[in-house]
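Peer 1: below: sequence and its predicted model.
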Amino acid sequence: MLIDTHCHLDFSVFKDLSALLVASRSIGVAHFIVPSTTAESWSGVVALQKQHSEISVALGLHPYFLDSFKHHHLEQLEAALLTNDVVAVGEIGLDKWPRMPDYELQQEVLLAQLKIAQKHHLPVILHARKSEDDLLKVIRQARFSRGGIVHAFNGSLEQAKRFKKLGFVLGIGGTVTYPRAKKAQRVLQALADEDFVLETDSPDMPVSGYQGQVNTPLRVVDIARVVANLRQQSVADVARYTSANLQRVLPNWHKV
């Protein structure tokens, strides 16, 4: 069984989600973690979970969309966590890409969400873009100890080890399928089996060979094959231990 640990199946580009889920299951992709992005998106994400038993969800405020942030969104998040079945707080984090929302605001909202997750004994799904060291600093500042997943990890091996010590696994997706992604591939090869999970970030982060197409959870199989080849393992072994890793860091994913 393969699991797509990060896919935005609530996005409007997925016109026939039921058919996509059936197709995914037919090739061995059996479960899907759907993180949210804004307060306005929470109801749609929760609705997906209620409609499809193979979907688990996370609720949070993504740094990319904080230009529309209001402080009462944090109170709403805490209330939503109490009234819905969620496996994590997410997608939350920091993004240093050009033209992102104010970075101090990103750090403020991240810190608040980490404290909320800690209070409610929930792991988190982290967004990290050119911000891994800052993320590690804020996690320690929050005294956050619930762990989770660092989505689309593209940092160094040393940073990977520091996240591991804090209880996180790394999300490995389409980046490693590109021949030019030598750094990401070297990091992947140096990781232990218990250090990572698989993801697509659908509909974004296309797999090599599918550029220009909408990315979907179907591509988890392609990512697993590349991972298996790079690590000289079987796809079955990769599926087995990445599923076990998800169980360890998001223990409620199969109960929802």
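Peer 2: Received it, and whenever you're ready, just let me know what you need. Numbering: from 1, shown residues only.
Peer 1: which residues of this protein score low on pLDDT?
Peer 2: Counting by pLDDT under 70, the chain contains low-confidence residues at 255-256.
Peer 1: please enumerate the helices of it.
Peer 2: Assigned by DSSP state H, the helices in the chain fall at 17-26, 42-51, 72-83, 103-119, 132-142, 157-165, 182-190, 220-231, 235-249.
Peer 1: what would those look like in JSON lines with mean neighbour count?
Peer 2: In this view, the C-beta of every residue, glycine as well, is placed from N, C-alpha and C. Formatted as JSON lines, the entries for the helices of the chain read as follows, by neighbours: other CB atoms under 10 Å:
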{"stretch": "helix 17-26", "mean neighbour count": "14"}
{"stretch": "helix 42-51", "mean neighbour count": "16"}
{"stretch": "helix 72-83", "mean neighbour count": "15"}
{"stretch": "helix 103-119", "mean neighbour count": "19"}
{"stretch": "helix 132-142", "mean neighbour count": "18"}
{"stretch": "helix 157-165", "mean neighbour count": "16"}
{"stretch": "helix 182-190", "mean neighbour count": "16"}
{"stretch": "helix 220-231", "mean neighbour count": "19"}
{"stretch": "helix 235-249", "mean neighbour count": "18"}
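Peer 1: between those helices, which gets nearest to residue 92?
Peer 2: Ranking those by distance to residue 92, with CB to CB as the measure, places helix 103-119 first at 4.7 Å.
Peer 1: how about that closest one as CSV, C-alpha atoms only?
Peer 2: What follows is helix 103-119 as a C-alpha-only set of coordinates in CSV (Å, rounded to 0.1, in the frame of the first residue of the first chain):
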residue,chain,number,x,y,z
TYR,A,103,8.1,37.2,7.0
GLU,A,104,7.7,38.4,10.6
LEU,A,105,3.9,37.8,10.2
GLN,A,106,4.7,34.3,8.9
GLN,A,107,6.8,33.6,12.0
GLU,A,108,4.2,35.0,14.3
VAL,A,109,1.4,32.8,12.8
LEU,A,110,3.6,29.7,12.7
LEU,A,111,4.5,30.1,16.4
ALA,A,112,0.9,30.5,17.3
GLN,A,113,-0.1,27.4,15.3
LEU,A,114,2.7,25.3,16.8
LYS,A,115,1.4,26.3,20.3
ILE,A,116,-2.1,25.3,19.3
ALA,A,117,-1.0,22.0,18.0
GLN,A,118,1.0,21.3,21.1
LYS,A,119,-2.0,22.1,23.3
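Peer 1: between that helix and helix 132-142, how many degrees?
Peer 2: 50 degrees (axes from the mean of the first three to the mean of the last three CA atoms, to 10 degrees).
Peer 1: return the distance of helix 103-119 from the chain's centre.
Peer 2: Computed by CA atoms, centre = their mean, to the nearest Å, the separation of helix 103-119 from the middle of its chain amounts to 17 Å.
Peer 1: what does that helix contact?
Peer 2: The set of residues that contact helix 103-119 without belonging to it, under CB atoms under 8 Å, 6 or more residues apart in numbering, is 60-61, 63, 66, 69, 74, 77-78, 81, 88-89, 92-96, 100, 123-124, 134-135, 138-139, 141-146.
Peer 1: do stretch 74-85 as well
Peer 2: Residues lying outside stretch 74-85 but in contact with it, judged by CB under 8 Å, 6+ apart, are 39, 42, 46, 49, 57, 59-61, 86, 89, 109, 112-113, 116, 119-120, 122, 252, 256.
Peer 1: stretch 241-253 too?
Peer 2: Residues from elsewhere that reach stretch 241-253 (CB under 8 Å, 6+ apart): 1-3, 5, 31, 33, 56, 85, 87-88, 123, 147-149, 167-169, 193-198, 224, 254.
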